[in-house]
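*Asks:* quick one: sequence plus predicted model below, questions after.
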Amino acid sequence: MTPSSEKRVRRVLVVVPFAMSADNLLLRESQLQGLQFGDDIRFEYRAVKAGPMNYSSHHDFALADVANFEAGCRAQEEGFDAVCIDTMSDSGVAALRSVLDIPVFGPGKVSMLTALMLGDKFSVLTMASRWKPLYKKALDELGLHHKCASVRAIEVTPDNQNLLSGKEEDVFPLLEKAALRAVEEDGADVLILGSTTMHQSHGWLQSRLPVPIINPGPLSYKIAESMLALRLTQSRTAYAKPMHPRLDMLSHMLDAGQESLSTSNL
């Protein structure tokens, strides 16, 4: 094969919705384990500069939209071919679609729509009830409340840095119990992990459950791969370009936020 005939490596930016260390970022990257991709696609992970400590209130949701938007808004000029947002809230997805011509995906709506290709009703398994507004927002926008059998929370404090590491013996059985109740009592045909921070439980749960369970982060990566192969991206009639972009202002805002957090040790 001559150099001119070699395939160009497609780069996908994965925006991680919390500021974190390199070691903790590796826990996010481990979502790629077990997935098969060609050698012409590469996923690169980037944590936001600053943002909310967690996603447990509408205050946090607003900050998350800004943080994720800023982290990915220049992805196209940086040479990326697609963007994935690593949170079920899909924070920043709509804004990024308005400024980027490359495809942008979050795992939230993608997971719900995929669930309906596998069954008639789905349930979401989540760590805490405070996350429920995130799913309600997606269900409102998709008009799919009638297809959501339930949202089952195990009421364990989420850890967006270390994820489920070291908590497997406590958390995994609670998730299994909630999953079985969603199937047996609520009528779910398909289950969805309610956060990409829960991805470490997927294999363990799938081997013990009678229905499919969707791992949202890896699903979004595969959707991005498929859309690139099909040369599809978001519609400009749905996501209009801004008339007066303020991306430099956005970057300055997040730089200041990053400096503020560093100074306060938060």
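*Replies:* Good, I have the coordinates.
*Asks:* state the number of residues packed around residue 39.
*Replies:* Close neighbours of residue 39, defined as other C-beta atoms under 10 Å, add up to 7. The C-beta positions use only the backbone N, C-alpha and C, and glycine is treated the same way.
*Asks:* with the one 5 residues further on instead?
*Replies:* The number of residues packed around residue 44, counting by other C-beta under 10 Å, is 12.
*Asks:* that one bridge partners, please.
*Replies:* Legend: beta-bridge partners of residue 44 under DSSP bridges are residue 13.
*Asks:* so where do the strands sit in the stretch 1-150 of the chain?
*Replies:* Ranges of strands in the stretch 1-150 of the chain, per DSSP state E, counting those that start in this stretch, are 10-16, 41-47, 82-85, 104-105, 122-126, 148-153.
*Asks:* contacts for the first one?
*Replies:* Yep, that's strand 10-16 we're talking about. The set of residues that contact strand 10-16 without belonging to it, under C-beta atoms under 8 Å, 6 or more residues apart in numbering, is 25, 28, 40-48, 68, 71-72, 75, 78-86, 92, 221, 224-225, 228.
*Asks:* hmm, 6 Å instead?
*Replies:* Under the criterion C-beta atoms under 6 Å, 6 or more residues apart in numbering, residues 28, 41-47, 68, 71-72, 75, 80-86, 224, 228 lie in contact with strand 10-16.
*Asks:* please list only the buried members of the residues you listed.
*Replies:* Among those, those that count as buried by neighbour count (16 or more other C-beta atoms under 10 Å) are 28, 41, 43, 45-47, 68, 71-72, 75, 80-86, 224, 228.
*Asks:* so where's the stretch 151-266 of the chain uncertain?
*Replies:* Screening the stretch 151-266 of the chain residue by residue with the criterion pLDDT under 70, one finds the ranges 158-163, 165, 264-266.
*Asks:* ranges for the helices of it?
*Replies:* Taking DSSP state H, counting those that start in this stretch as the criterion, the stretch 151-266 of the chain contains helices spanning 168-184, 202-206, 216-230, 247-264.
*Asks:* point out the most buried one among the ones you listed.
*Replies:* With neighbours defined by mean count of other C-beta atoms under 10 Å, none of those is more surrounded on average than helix 216-230, at a mean of 19.
*Asks:* helices or strands up against that helix?
*Replies:* If you count contacts as 3 or more C-beta pairs under 6 Å, 6 or more residues apart in numbering; DSSP states H and E, helix 216-230 packs onto strand 82-85, strand 104-105, helix 107-118.
*Asks:* change it to 7 Å
*Replies:* strand 10-16, strand 82-85, strand 104-105, helix 107-118 (3 or more C-beta pairs under 7 Å, 6 or more residues apart in numbering; DSSP states H and E).
*Asks:* and residue 252, which of those is closest to it?
*Replies:* Minimum separation from residue 252 across the helices and strands packed on helix 216-230 (C-beta to C-beta) falls at strand 10-16, 18.8 Å.
*Asks:* can I get stretch 219-239 as CSV, trimmed to CA atoms?
*Replies:* Output for stretch 219-239, consisting of C-alpha atoms alone and laid out as CSV, is shown next (Å, rounded to 0.1, in the frame of the first residue of the first chain):
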residue,chain,number,x,y,z
LEU,A,219,-22.9,2.9,22.6
SER,A,220,-22.2,6.5,21.8
TYR,A,221,-18.8,5.7,20.5
LYS,A,222,-20.2,3.1,18.2
ILE,A,223,-22.9,5.5,17.0
ALA,A,224,-20.2,8.0,16.2
GLU,A,225,-18.3,5.4,14.3
SER,A,226,-21.4,4.5,12.3
MET,A,227,-22.3,8.1,11.5
LEU,A,228,-18.7,8.8,10.3
ALA,A,229,-18.9,5.7,8.0
LEU,A,230,-22.2,6.8,6.6
ARG,A,231,-21.1,10.5,6.3
LEU,A,232,-24.0,11.7,8.3
THR,A,233,-24.0,14.7,10.7
GLN,A,234,-26.5,17.0,12.4
SER,A,235,-29.1,19.0,10.4
ARG,A,236,-28.4,22.7,10.0
THR,A,237,-32.2,23.4,10.0
ALA,A,238,-32.4,21.9,13.5
TYR,A,239,-29.1,23.3,14.8
